[in-house]
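Visitor: coords below, sequence missing:
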Ligand code: PAF
């Protein structure tokens with residue numbers, strides 16, 4: 001695996017892949033602290049493309065002033081070994097100053113799908129995501145890109161941006177969402193799970209269980225508002241401090257729903273032990 005830390009290195013490694021008999025390139029953007037969910041993305045990318053480029057960049061523009069930018073786990077040597085073991089061709093691991101050099105002044109903002117849910121709780125977050133992902137697309141010029149469905153709203157924002165800014169030709173012709181990878185007790189894998197104390201980690205499994213119960217009630221035609229109310233109460237009793245949101249939305253448009261429309265998805269963000277966990281599932 002080749003590791004690029006400057007744009008110049010990246011361009012030369014990508015040119016090498018394109019020259020070496022060509023073949024397609026898949027990009028898997030990450031912020032590192034890799035877990036099985038990321039490795040599943042890499043394996044899916046390898047199955048779909050000839051070469052995989054993975055990026056590790058803890059993007060400061062998607063963290064709010066009081067969020068965990070400084071605490072976010074950084075484990076480049078370990079992550080790099082994992083990626084090499086999965087057959088990644090190029091690791092793109094730039095410093096913040098390489099991505100946002102002195103004088104950087106451009107912001108990408110996607111409206112509509114970024115409103116509500118995490119967009120409401122984390123103002124500016126999706127601008128930061130869209131900005132860095134557009135830059136990554138321009139830097140790597142992959143044929144396809146893959147993202148985890150755990151960040152369903154993020155995926156919707158990126159797809160909207162790609163359509164709106166005509167990014168899908170000649171590069172990034174496909175953007176794939178890859179299903180959520182869960183721990184044995186159902187908790188969605190996340191780099192932030194590492195913040196949980198052993199006690200909170202055990203309690204956190206109440207989240208996917210409560211979502212499964214609520215989804216079953218809603219799919220059966222039960223009262224969605226009541227099911228979401230019960231979900232919040234279940235989380236409170238399980239030891240969650242707060243629920244930022246628990247909502248039913250259309251899976252594609254992300255429009256709020258009052259009942260199942262046949263394409264409904266449940267979205268929850270809740271805090272336990274100071275850690276904010278998000279999850280989503282089909283109804
Ligand atoms: O999902 C993530 O890890 C990040 O939001 C992404 C897509 C790598 C952009 O920084």
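Guide: Now that the structure is in, tell me what you want to look at. The shown structure was predicted, so the numbers you read here are calculated from the model rather than taken from an experiment.
Visitor: geometric centre of the protein: which residue is closest?
Guide: residue 151 (4.0 Å; CA atoms, centre = their mean).
Visitor: just checking, that residue touches residue 278?
Guide: Yes. The criterion here is CB atoms under 8 Å, and residue 151 meets it with residue 278 at 7.5 Å. Yep, even glycine has a C-beta here, placed from its N, CA and C like the rest.
Visitor: so what pLDDT did the closest residue to the ligand within the stretch 151-283 of the chain get?
Guide: At 5.1 Å from the ligand, residue 151 is the closest residue in the stretch 151-283 of the chain, using CB to the nearest ligand atom. We note a pLDDT of 98 for residue 151 in this prediction.
Visitor: residue 20 now?
Guide: Among the per-residue scores, residue 20 holds a pLDDT of 70.
Visitor: same check, this time on residue 204
Guide: Value for residue 204, per-residue pLDDT: 98.
Visitor: doesn't residue 194 make contact with it?
Guide: No. Counting by CB under 8 Å, residue 204 does not reach residue 194; the two are 12.0 Å apart.
Visitor: within range of the ligand, give me the residues from the chain.
Guide: By CB under 6 Å from any ligand atom, the residues of the chain that approach the ligand are 29, 30, 31, 59, 62, 129, 132, 133, 151, 154.
Visitor: residue contacts, the fifth one?
Guide: Which is residue 62. 124, 125, 126, 127, 128, 129, 132 (CB atoms under 8 Å, 6 or more residues apart in numbering).
Visitor: could you list the buried residues of whatever helix or strand residue 176 lives in?
Guide: Residue 176 is located in strand 174-178, with elements delineated by DSSP states H and E. Neighbour counts using 16 or more other CB atoms under 10 Å place 175, 176, 177, 178 of strand 174-178 among the buried residues.
Visitor: in space, what's closest to the residue in the stretch 51-200 of the chain that the ligand sits nearest to - neighbours in sequence excluded?
Guide: Scanning the stretch 51-200 of the chain for the residue nearest the ligand gives residue 59, at 4.0 Å (criterion: CB to the nearest ligand atom). Counting by CB to CB, 6 or more residues apart in numbering, residue 59 lies nearest to residue 132, which is 4.4 Å off, once chain neighbours are set aside.
Visitor: what number of residues lie near the one you found?
Guide: Residues within reach of residue 132, counting by other CB atoms under 10 Å, total 21.
Visitor: look up how far residue 77 lies from it.
Guide: According to CB to CB, to the nearest Å, residue 132 stands 23 Å off from residue 77.
Visitor: do you have the helices of the chain handy? List them.
Guide: 7-19, 36-48, 76-85, 96-99, 118-121, 125-140, 152-164, 198-203, 206-219, 224-238 (DSSP state H).
Visitor: got the contact list for residue 258?
Guide: Applying CB under 8 Å, 6+ apart, we find residue 258 in contact with 224, 225, 248.
Visitor: rerun that using 7 Å as the cut-off
Guide: residue 224 (CB atoms under 7 Å, 6 or more residues apart in numbering).
Visitor: likewise for residue 183?
Guide: residue 189 are the contacts of residue 183 under CB under 7 Å, 6+ apart.
Visitor: phi and psi next, for it.
Guide: Torsion angles at residue 183 (phi, psi; degrees, to the nearest 10) stand at phi -70, psi 170.
Visitor: contacts for stretch 275-283, please.
Guide: Taking CB under 7 Å, 6+ apart as the rule, stretch 275-283 contacts 118, 152, 188, 190, 192, 195-196, 204, 207-208, 211, 215, 218-219, 244, 251, 260, 264-270.
Visitor: tell me the buried residues within the residues you listed.
Guide: Here, 16+ other CB under 10 Å leaves 118, 152, 188, 190, 195-196, 204, 207-208, 211, 215, 218, 244, 251, 260, 264-270 buried among these.
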